[in-house]
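**Q** Have a look at this prediction, sequence included:
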Amino acid sequence: MITQLKNYAVAFLLACLALGACDNEPDEPAAGKLQLTTIRVGTYALDLTDPSKNTAAPTDKPIFILFSDVLDVTKAAQAVQLKVKSTGEVVALTFSFQDSDKTIVAQPGAELKANETYVLSISKELKGAGKETFPDFTTEFYTVPGVLEIKSLTIAGTPALNSALIADVSLENTKIEITFSEPVAPATIISQNVYVNGANGVVPSSLVLSEQNSKLTITLTQKLRDLSQYLLVMSGEVKGANSEALTHYTRKFYTAQDPTPDFPVISDEALLTLVQQQTFKYFWDFAHPASGMARERNTSGDLVTSGGSGFGILAIIVGIERNFITRQQGLERLDKILDFLETADRFHGAWSHWINGNTGDVIPFGTNDNGGDLVETSFLMEGLITFRQYLNGADAAEQALIDRINALWQTVEWDWYTRGGQDVLYWHWSPDKQWIMNHQIRGYNECLITYFLAAASPTHTINASVYHKGWANNGLIKNGKKFYDITLPLGSDYGGPLFFTHYSFLGLDPRNLSDTYANYWTQNVNHTLINYTYCVANPKKFAGYSDESWGLTASDNPSGYDAHSPTNDLGVITPTAALSSFPYSPEQSMKALKFFYYKLGDRLWGPYGFYDAYNITQGWTANSYLAIDQGPIVVMMENHRTGLLWNLFMSAPEVQVAMDKLGFQN
């Protein structure tokens, strides 16, 4: 019986084991392990294997602890601890969770101290939602000061933090307001660290903190100069209250116009005369003493220019007619210039671009440009022919001057510069370099007068085919497109620099002048208005462009010299562009003239009229004068007022010969 019971017991035990029914509860599966993937302080990721690399954690950001699995969020507060290593002080933390409870976000109750080592520990009390286990883990990180950011900036009430251009800033009691991301340390808000700089140095100012030291108000206590560039500077020495670092910051701004004129207001006619007279002094007072020729620029010494001297010869006629000088003085100066030109170096009748004003020897314009320059010669002859027409043949002395001009005019070998009879003129030739420059003169640009005089020559004329095939390039000089709804008959898009409308037309009268390619009055007016409208539109957002401050042409600039135009806009306004355009845009040019004189006069007006150019964006004004920029101002203002030079040049009998040959009408 006992044996039988034992057998029953063994069988029952085996059955229980097989059915798993011997325990009160079923067995739990073995739990997995939580995997720690990343720890970040803000966006700064810690190296989990080498704590010594954790050297740049921010002080003002939460700690993000990322795991591979969903967490039991009830365990996090007990499992995560942060201490100051040096003192053992526990940092109070508040917790939240992200990524479907896979990420712990531990937010310190106060900003961490900079330049401290902190110990972050995660104990094994941390569990996964599926009871996954986690071993103890400890790491360290070293804090550096947080970042002090500029949250907002206004200059004279205008938001300036993200604006492309801050202009028209008030001149007096100007306020600059800055708000920071954190309170700043008052001891760092000092004039050495925060200031406004202008052309005359640092502007006196007061610095006031408010709003728990998170807002700074800078009040400039000195009147600012109008139409000028200023620079707000905040150095990296500005710190937050907890040593947060500010990246060195600068911001340019530009001041408004001062309504008070720089000079006494005079009538428009008196202003035109004043500008002509002052500009004329460049060719009269500053002419080379030995030759009477125009220096290339006010720093040229003995270097004189043939083309610029042609412009100066035209200006002498204006000087006589406007009583800036007497007729006798003008004739004596012409006599001196002719003496020089008759003996100066010439190359098949053409003068070089640059000449030594003492000796008459060529001064090379470039390595291979040491001979005749046909374009500059044409500008010179434009002046001489116009003066010839001004002279009185009934007077023996003046007739002698006429004869001398004719001799020079008739010995210019325009046909030689077709380089063996080609249907195009070449710009340069020299005895040793020959045609190495290889520069064909093709339109459309400033060289129309070169072809016109070549066709007018009584001794070395060119065929009409040279004009049509060379200059006009078989009609390819035409444009016909619209810019700002203004049709441009000829030339490159937007017309190019404005001197194209000036140099050839100092003598050649564009009024009603036309040929098979264009009406030249329409061409010059439309080119000018396109240039003007571009400046008013100011697509590149340069400071100082407006309906008063406009005009792009060749001139000096802060980097040297360039041919400025809408397609080569460097922020440089050149007074000659607008002033020499008086015939084409009288209202716009008068507005510009008043701006140059009354608003910029204290910095732009000098002994020979307006300096060459200015760039308000860069806070730059030229101290230079150029003959080819000053001359057209005097001459084109006069053509606008009286048509004097146009009438004289067009009265030359050779002009009608060229008109007929080339198919011009007027």
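**A** Looks like it came in fine.
**Q** Tell me how far the residue lying closest to residue 54 once chain neighbours are set aside lies from residue 116.
**A** In space, and not counting its chain neighbours, residue 54 is closest to residue 141: 3.8 Å by CB to CB, 6 or more residues apart in numbering. Every residue, glycine included, has its C-beta placed from N, CA and C. Distance check for residue 141 against residue 116: by CB to CB, to the nearest Å, it reads 10 Å.
**Q** And the residue nearest to residue 557 when sequence neighbours are not counted, what's its pLDDT?
**A** Taking CB to CB, 6+ apart, and ignoring the residues beside it in sequence, residue 557 has residue 572 as its nearest neighbour in space, at 4.5 Å. Note for residue 572: predicted pLDDT of 98.
**Q** Next, the contact list for residue 306, please.
**A** For residue 306, the contact set (CB atoms under 8 Å, 6 or more residues apart in numbering) comprises 293, 351, 352, 353, 354, 355, 373, 376, 377, 379, 380.
**Q** closest to residue 477 among the residues you listed?
**A** The closest of those to residue 477 turns out to be residue 379 (CB to CB; 20.0 Å).
**Q** what element comes up after the helix or strand of the chain with the lowest mean pLDDT heading to the C-terminus?
**A** Across the helices and strands of the chain, the lowest-confidence element by mean pLDDT, DSSP states H and E is helix 2-19, at a mean of 42. Sequence-wise, the next helix or strand downstream of helix 2-19 (DSSP states H and E) is strand 36-41.
**Q** Centre of the chain to that following strand, how far?
**A** 48 Å (CA atoms, centre = their mean, to the nearest Å).
**Q** Next, the buried residues of it.
**A** 36, 39, 40, 41 (16 or more other CB atoms under 10 Å).
**Q** Please name the nearest non-neighbouring residue to the second one.
**A** Spatially, and ignoring its direct neighbours in sequence, residue 39 is nearest to residue 46 (4.5 Å; CB to CB, 6+ apart).
**Q** My guess is the one you found contacts residue 40. True?
**A** Yes - contact criterion CB atoms under 8 Å: residue 46 and residue 40 qualify, at 6.9 Å.
**Q** Identify the contacts common to these two.
**A** Contacts common to residue 46 and residue 40, judged by CB under 8 Å, 6+ apart, are absent.
**Q** Just give the number of residues close to the nearest residue to residue 98 once chain neighbours are set aside.
**A** Of all residues not flanking residue 98 in the chain, residue 105 sits nearest, at 6.0 Å (CB to CB, 6+ apart). For residue 105, the neighbour count with other CB atoms under 10 Å is 16.
**Q** what sits against residue 105?
**A** So residue 105 contacts 62, 63, 64, 65, 95, 96, 97, 98 (CB under 8 Å, 6+ apart).
**Q** helix or strand for the closest residue in space to the first one that isn't next to it in sequence, which one?
**A** So the one you mean is residue 62. Setting aside the residues directly before and after it, residue 62 is nearest to residue 107 in space (CB to CB, 6+ apart), at 4.4 Å. Under the criterion of DSSP H and E, residue 107 resides in strand 103-108.
**Q** got the angle between the helix or strand just after that strand and strand 36-41?
**A** Reading on from strand 103-108 to the C-terminus, the next helix or strand found by DSSP H and E is strand 117-122. Relative orientation of strand 117-122 versus strand 36-41 (axes from the mean of the first three to the mean of the last three CA atoms, to 10 degrees): 150 degrees.
**Q** Check which helices and strands strand 117-122 is in contact with.
**A** strand 80-84, strand 137-142 (3 or more CB pairs under 8 Å, 6 or more residues apart in numbering; DSSP states H and E).
**Q** Within its sheet, name the partner strands of that strand and how each one runs.
**A** Applying DSSP bridges to the sheet, strand 117-122 is found paired with strand 80-84 (antiparallel), strand 137-142 (antiparallel).
**Q** So for the first one, what gets flagged as buried?
**A** When burial is assessed from 16+ other CB under 10 Å, strand 80-84 yields the following buried residues: 80, 81, 82, 83.
**Q** now swap in the last one and tell me
**A** For strand 137-142, the neighbour count (16+ other CB under 10 Å) marks 137, 139, 140, 141, 142 as buried.
**Q** show me what contacts the first one?
**A** Pointing back at residue 137 there. 36, 121, 122.
**Q** With the last one instead?
**A** The neighbours of residue 142, taking CB under 8 Å, 6+ apart as the test, are 54, 55, 56, 57, 115, 116, 117, 118.
**Q** is it in a bridge, and if so with what?
**A** residue 117.
**Q** Check the gap between it and residue 121 for me.
**A** 16 Å.
**Q** can you check the first one too?
**A** Residue 137 sits at a distance of 7 Å from residue 121 (criterion: CB to CB).
**Q** now swap in the third one and tell me
**A** The gap separating residue 140 from residue 121 is 10 Å, by CB to CB.
**Q** Next: the fourth one.
**A** Here the distance between residue 141 and residue 121 works out to 12 Å (CB to CB).
**Q** Can you give me the buried ones in stretch 653-666?
**A** 654, 655, 658, 659, 661, 662, 664, 666.
**Q** again, but for stretch 266-277
**A** Buried, per 16+ other CB under 10 Å, within stretch 266-277: 271, 272, 273, 275, 276, 277.
**Q** closest to residue 154 among those?
**A** Closest to residue 154, out of all of those and judged by CB to CB, is residue 271, at 38.8 Å.
**Q** Which strand or helix spans that closest one?
**A** Applying DSSP H and E, one finds residue 271 within helix 268-284.
**Q** How far off centre is the helix or strand following that helix?
**A** Using DSSP H and E, the helix or strand that directly follows helix 268-284 along the chain is strand 303-305. Distance of strand 303-305 from its chain centroid, counting by CA atoms, centre = their mean, is 30 Å.
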